[in-house]
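# Next one to model:
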Amino acid sequence: DGKSLATAVDLVREGRACLATNLATFQYFIVYGFTLTTIRTVQVLWAAVTMSEYLYITMDLGIGILMVWTMTQSRPRAELSSHRPTATLLGPRTLSAIAFPYLTAILTFLVGEAMLWHKDWYTKLNPITGLHLLPKKWMLRGDNYDSPVGMLVLMLALVT
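Here you go, the predicted structure:
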C-alpha cells in the first residue's frame, strides 16, 4: 500500500541490493580494464604478439555480456545482513576487491608464460623481426601460443 513502515524496510533492502550490484559491476570493469591492459602490454613488449579477434569476441560478447546480465539478475535478500555493503569507491574493501584479483591474475599470467616458454616445443618468435610481417597483416600476430595463456588467465580472473 506504500503507507506502512514495512515500505521503508523494503526501500532499504532494495537500496542495499542496488548498491552492492553497482559496486560489483564497477569492480568487474576496473579489474577487466587493468588486467586486460597489463596482459596486452606485456605480450606486446615481450613477444610482439597480440590476441586474436576470436579471443576478443569471446571475451567481450561471451563473458562481458553474460557477467553483466548475471549482475542484473540479483535481487534483495528477504533479511538484511549485519554486514553492510561499502558505500565508497575508493574504500579499503573496494580497493582490495580490485587489487586481489588483479594481482593474482598478473602473477598467474607470468607463471603461465614462464611455464610456456620453458617447454621444449615452444620457440619464441617475434613476428615483426622474425617473420617480417607487414603492418597491414597485424592480425596474423594473433596466431601464437602466448595469447591463449593471457586470455585464459583473464577469463578466470573475471568470472571469480
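
# Counting by contacts, list what the host helix or strand of A24 packs against.
Per DSSP states H and E: A24 is located in helix 6-47. Packing partners of helix 6-47 (3 or more CB pairs under 8 Å, 6 or more residues apart in numbering; DSSP states H and E): helix 65-72, helix 92-117, helix 146-159. To be clear about C-beta, it is placed using only N, CA and C from the backbone, and glycine gets the same treatment.

# Report the central residue of this structure.
Centroid-nearest residue in the chain, with CA atoms, centre = their mean: Y32, separated by 3.1 Å.

# Tell me who's in contact with that one.
G64, L154, L158 (CB atoms under 8 Å, 6 or more residues apart in numbering).

# again with T88
Listed by CB under 8 Å, 6+ apart, the contact partners of T88 are T94.

# In three-state terms, how would it be classified?
coil (DSSP: H, G, I helix; E, B strand; the rest coil).

# quick one, phi psi at it?
phi -120, psi 140 (degrees, to the nearest 10).

# mind checking how far it is from T160?
According to CB to CB, to the nearest Å, T88 stands 23 Å off from T160.

# picking up where we left off before, in CSV: the contacts of Y32, plus pLDDT, distance to A8 and neighbour count.
Shown next, in CSV, are those (pLDDT from 0 to 100; distance: CB to CB, whole Å; neighbours: other CB atoms under 10 Å):
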residue, pLDDT, distance to A8, neighbour count
G64, 77, 36, 15
L154, 88, 42, 24
L158, 81, 37, 19
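
# Brilliant, that's me finished.
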